[in-house]
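[1] Predicted model and sequence below, questions to follow.
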Amino acid sequence: QVQLVESGGGLVQVGDSLRLSCPASGLTFGTFSMGWFRQAPGKEREFVAYISRDGGTTTYKDSVKGRFTISRDNAKNTVYLQMNILKPEDTAVYLCAARKGTTIDVASPHVYDYWGQGTQVTVSS
């Protein structure tokens, strides 16, 4: 049984930082591309960041470039999202997702095979 469990969310102030973690179990982690998505109340799920199986390729939503960094540790079966200079518009539930193999459509939630339950990030002004 595949499990992805996000953690690290919380309530922070504008300009603060958070580091999200998503350990995976039940799968051969190094064979999966990983993504982070977010969903705010009343809005569709949106792409945030992607990392390839070996970590050599990353892709970001334009509005988080330069502020967020996705990384992975295949020895620990974990993907991370370092979020700096947080803004109120970053408020959402953040979810990690796993995709077997590679994909060119990294921003589409439909190509991912497994999802976590999410962790809430709230940025207060």
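    Perfect, thanks for sending it.
[2] rest of the way, CA atoms for contacts and neighbours
    Noted.
[3] for residue 95, helix, strand, or coil?
    Under DSSP: H, G, I helix; E, B strand; the rest coil, residue 95 falls in the strand class.
[4] Quick one: the strands in the chain, in order.
    Applying DSSP state E to the chain gives strands spanning 3-4, 10-13, 18-25, 32-39, 46-51, 58-60, 68-73, 78-83, 92-100, 114-115, 119-124.
[5] Out of these, flag the one nearest residue 108.
    Comparing the strands of the chain by their distance to residue 108 (CA to CA), the top pick is strand 46-51, with 7.1 Å.
[6] Just give the nearest non-adjacent residue to the residue of the chain most remote from its centre, would you?
    In the chain, residue 125 marks the outermost C-alpha relative to the chain mean, sitting 23.0 Å out by CA atoms, centre = their mean. In this structure, residue 125 finds its nearest non-sequential neighbour in residue 14, 5.5 Å apart by CA to CA, 6 or more residues apart in numbering.
[7] The closest residue to residue 26 other than its chain neighbours: how many residues sit nearby?
    Excluding the flanking residues, the one nearest residue 26 by CA to CA, 6+ apart is residue 2, at 4.2 Å. By the criterion of other CA atoms under 10 Å, residue 2 has 13 neighbours.
[8] and if you look at the one 10 residues further on?
    Each residue near residue 12 was counted by other CA under 10 Å, and the total is 18.
[9] Tell me which residues touch it, please.
    121-124 (CA atoms under 8 Å, 6 or more residues apart in numbering).
[10] Tell me the buried residues in stretch 62-73?
    Of the residues in stretch 62-73, 64, 68-72 count as buried by neighbour count, 16 or more other CA atoms under 10 Å.
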